[in-house]
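>>> Sequence plus the predicted model coming up.
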Amino acid sequence: QVQLVESGGGLVQAGGSLRLSCVASGRTLSNYAMAWFRQPPGKEREFVAFISWSGGSSNYAESVKGRFTISRDNTKSTVHLQMDSLKLEDTAVYFCAADRFLRTRWSEYYYRGQGTQVTVSS
């Protein structure tokens with residue numbers, strides 16, 4: 001049974017930074033694409049970023065391009081999301097996910113985490 005566990009969320013002021021981590025346990029996901037999604041309060045879950053199994057390919061939602069960076073360490077079965085220049089609208093529960101293929105829909109990811117709260121204050 002694979003588990004994805006997110007951490008690193010918290011309360012941060014606008015303009016600040018946070019680094020989220022997602023650790024996979026149960027099996028290696030080194031040959032899986034990994035992604036981050038988020039769900040703002042009262043809104044639908046949305047795609048944030050994904051990264052290929054090798055780390056050689058990545059893609060971002062327009063709303064976070066230039067501010068967020070996704071990376072992975074396959075030796076530690078971990079994927080990170082570095083979030084800089086945070087805005088109020090980045091407030092959300094952030095989730096990680098894993099699948100054989102690069103996807104932008106949450107429902108299509110085979111393995112999915114439980115989420116970590118990020119709150120950006122003014």
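Cool, the structure landed. Numbering: from 1, shown residues only.

>>> Spatially central residue in the protein, please.
Geometric centre of the chain, nearest residue: W36, 2.5 Å, by C-alpha atoms, centre = their mean.

>>> I'd like the distance between the residue nearest to it when sequence neighbours are not counted and E6.
Closest residue to W36 apart from its sequence neighbours, by C-beta to C-beta, 6 or more residues apart in numbering: V48 at 4.2 Å. Glycine gets a C-beta too; all of them are placed from N, C-alpha and C. In this view, V48 and E6 are 12 Å apart by C-beta to C-beta, to the nearest Å.

>>> Let me see the contact set for the nearest residue to S121 once chain neighbours are set aside.
Closest residue in space to S121, ignoring its immediate chain neighbours: Q13 at 5.6 Å, by C-beta to C-beta, 6+ apart. Counting by C-beta atoms under 8 Å, 6 or more residues apart in numbering, Q13 touches L86, V120, S121, S122.

>>> I figured the last one was touching V12, is that so?
No: between S122 and V12 there is no contact under C-beta atoms under 8 Å: 11.2 Å.

>>> more crowded one of these two?
V12 (17 against 7; other C-beta atoms under 10 Å).

>>> Pull the contacting residues for that one.
Counted by C-beta under 8 Å, 6+ apart, V12 has contacts L18, L86, V118, T119, V120, S121.

>>> Show me what the helix or strand hosting it pairs with in its sheet, parallel or antiparallel.
Using DSSP states H and E, V12 sits within strand 10-13. Partners of strand 10-13 in the sheet, by DSSP bridges, are strand 116-121 (parallel).

>>> where's the strand it pairs with relative to the chain centroid, distance-wise?
13 Å (C-alpha atoms, centre = their mean, to the nearest Å).

>>> Also stretch 101-116?
From the chain centre to the centre of stretch 101-116 is a distance of 9 Å (C-alpha atoms, centre = their mean).

>>> so how far does it reach from one end to the other?
End-to-end span of stretch 101-116 (C-alpha to C-alpha, to the nearest Å): 23 Å.

>>> In it, which residues are buried?
R103, W106, Y109, Y111, R112, G113, G115, T116 (16 or more other C-beta atoms under 10 Å).

>>> Thanks a lot, catch you later.
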